[in-house]
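Asker: Predicted structure and sequence below. I'll ask about it afterward.
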Amino acid sequence: MREGNAASVFARALLEAARDADAVGVVRAELADFAHAFGESQALRSALSNPQIHATAKSRVVASLTEGCHPLVRNVLQVLLKRGRFTIVGGVRDEFESLVSAEDEVVRVGVTSAVELTETTRNKIAARVEAVTGRRVALETTIDPAIVGGLVLRVGDRIVDGSVRSRIRQLRRRLASADVRGDVE
């Protein structure tokens, strides 16, 4: 099973179990926290993927790190570890988040800008996307100075690239393919 499919299967099963336990919010937050910590810690990723470290030791590490977490979070992480799928923790988190957002009728919008956006600007972007989609919006902002200026929006599988970098690329292509004519006699 491909990683994306596996992440989707785990996320759907986890969401159903979390719904049954009336713990969607807690599971969502704790899974996000763990996935973030896992993504940020090279040492943890190395230890959990090292074939020389015994599976029991890895299981104890995960159990220790998730002590106090909801049992569903602890269990899904242990299952991922036992099945050799721990590298998809971030994908499970992303898919879980998407499923919960879809149920809440919230659309996640990724906004990439060259500089930090003001609260007013973020609110205007959210209001515009809400007006277009008819759904509540959860903005996720990223700063990328390489886009020079403007914004890149990701709404679901759609990308709206209004960056200066994109406009320069388009202009470069048009100039390269332009038919230049002069008034030469």
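Answerer: Perfect, I can see it now. Predicted, not measured: the structure shown is a model, and the values here were computed from it. Numbers count the residues shown, from 1 in each chain.

Asker: Residue 68 belongs to a strand?
Answerer: No. Assessed with DSSP: H, G, I helix; E, B strand; the rest coil, residue 68 is coil; it does not lie in a strand.

Asker: got a pLDDT number for residue 3?
Answerer: What the model reports as pLDDT for residue 3 is 58.

Asker: no, scratch that, I was asking about residue 183
Answerer: pLDDT at residue 183 comes out at 59.

Asker: Next: residue 84.
Answerer: Here, the pLDDT recorded for residue 84 equals 89.

Asker: How about residue 60?
Answerer: 95.

Asker: Number the chain from 426, please
Answerer: Right, with 426 as the first residue, what we last looked at is residue 485.

Asker: mind checking which helix or strand it is in?
Answerer: Assigned by DSSP states H and E, residue 485 belongs to helix 480-490.

Asker: Could I get the full set of helices for this protein?
Answerer: Remark: helices assigned in the chain by DSSP state H are 428-445, 449-465, 467-474, 480-490, 496-507, 514-528, 544-558, 589-602.

Asker: got the angle for the shortest one vs helix 449-465?
Answerer: With axes from the mean of the first three to the mean of the last three C-alpha atoms, to 10 degrees applied, the angle from helix 467-474 to helix 449-465 works out at 100 degrees.

Asker: ok and helix 467-474 relative to helix 480-490, angle-wise?
Answerer: Put simply, helix 467-474 runs at 140 degrees to helix 480-490, going by the same axes, to 10 degrees.
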